[in-house]
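Student: Compute the structure for the input listed below.
(one chain, ligands or ions: 1)
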Amino acid sequence: MAGNRTFTMIKPDATGAGHTGKIIDKIIEAGFSIKAMKWAQLSTSQAQEFYAVHSERPFYGELVEYMTSAPIVAAILEKDNAVEDFRTLIGATKPEEAAEGTIRKMFATSIAANAVHGSDSDDNAKIEGEFHFASTEVTA
Ligand code: CMP
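Tutor: Numbering: from 1, shown residues only. Next up is the predicted model:
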């Protein structure tokens, strides 16, 4: 059975452009409830660890530099079928492939600066949520 929580980050391009509130509105309108949320500046070592799975990829250095270039908003979200429904809401990784009405279609500017992150599995949603939040910071 699909899990009911996912993890997201609103990325530096979107926080810097003042899109944070609009993106949070879209997330809530789509039926997600917020279980934890924080505005934070990632350090280089945090970004390297969070994206360690991509460490052999040619874009890893650029990704870490970008994710530490300005604050992010991290959040744990709840809804039935959360991981899949959130990925539908945000759209494809490449903004030019993102469907009309998706968050990335509206706010992403490139594959790197693609406005939001969404976990790709229930297991990663748990790992990523626990990376950013202590259990005492997450509401029931
Ligand atoms: P996300 O799925 O949130 O997490 C991994 C990120 O790597 C992905 O979003 C993209 O922003 C980024 N990414 C993937 N492919 C590339 C690429 N070719 N160049 C730069 N960044 C990339």
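Student: C-alpha only now, for contacts and for neighbours.
Tutor: Fine.
Student: Show me what from this protein comes close to the ligand.
Tutor: 59, 63, 111-114, 117-118 (C-alpha under 6 Å from any ligand atom).
Student: Kindly recompute the last result at 8 Å.
Tutor: Neighbours of the ligand within the chain, by C-alpha under 8 Å from any ligand atom: 9, 51, 54, 58-60, 62-63, 93-94, 110-114, 116-120.
Student: And those residues, which of them are buried?
Tutor: When burial is judged by neighbour count using 16 or more other C-alpha atoms under 10 Å, the buried members of the residues of the chain next to the ligand are 9, 60, 63, 93-94, 112-114, 116-119.
Student: quick one: the strands in this structure?
Tutor: In the chain, the strands defined using DSSP state E lie at 5-10, 33-40, 72-78, 116-118.
Student: what are the pairing partners of the longest one, and which direction each?
Tutor: Applying DSSP bridges, strand 33-40 is found paired with strand 72-78 (antiparallel).
Student: still on that earlier bit, in helices, which of the residues of the chain next to the ligand fall?
Tutor: Among those, the ones falling in helices (DSSP state H) are 60, 62-63.
Student: Just the closest of those residues to the ligand, please.
Tutor: When those are ranked by distance to the ligand (C-alpha to the nearest ligand atom), residue 63 comes first, at 5.6 Å.
Student: where in this structure is pLDDT low?
Tutor: For the chain, the stretches with pLDDT under 70 are 1.
Student: Apply 80 and report the result again.
Tutor: Across the chain, the ranges flagged by pLDDT under 80 are 1-2.
Student: next one: stretch 49-65 to chain centre, how far?
Tutor: The chain centroid and the centroid of stretch 49-65 are separated by 15 Å, computed with C-alpha atoms, centre = their mean, to the nearest Å.
Student: Send over that stretch as CSV, restricted to the C-alpha atoms.
Tutor: Provided in CSV are the C-alpha atoms of stretch 49-65 (Å, rounded to 0.1, in the frame of the first residue of the first chain):
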residue,chain,number,x,y,z
GLU,A,49,24.9,14.4,2.0
PHE,A,50,21.3,15.0,0.9
TYR,A,51,22.3,14.4,-2.8
ALA,A,52,24.9,11.7,-2.1
VAL,A,53,23.0,9.4,-4.4
HIS,A,54,24.0,11.8,-7.3
SER,A,55,27.7,12.1,-6.3
GLU,A,56,29.0,10.4,-9.4
ARG,A,57,26.8,12.4,-11.8
PRO,A,58,28.4,15.2,-13.8
PHE,A,59,26.0,17.8,-12.4
TYR,A,60,26.6,17.0,-8.7
GLY,A,61,28.9,20.0,-8.0
GLU,A,62,26.5,22.3,-9.7
LEU,A,63,23.6,20.9,-7.8
VAL,A,64,25.3,21.3,-4.4
GLU,A,65,26.4,24.8,-5.3
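Student: If anything else comes up later, I'll come back, but that's it for now.
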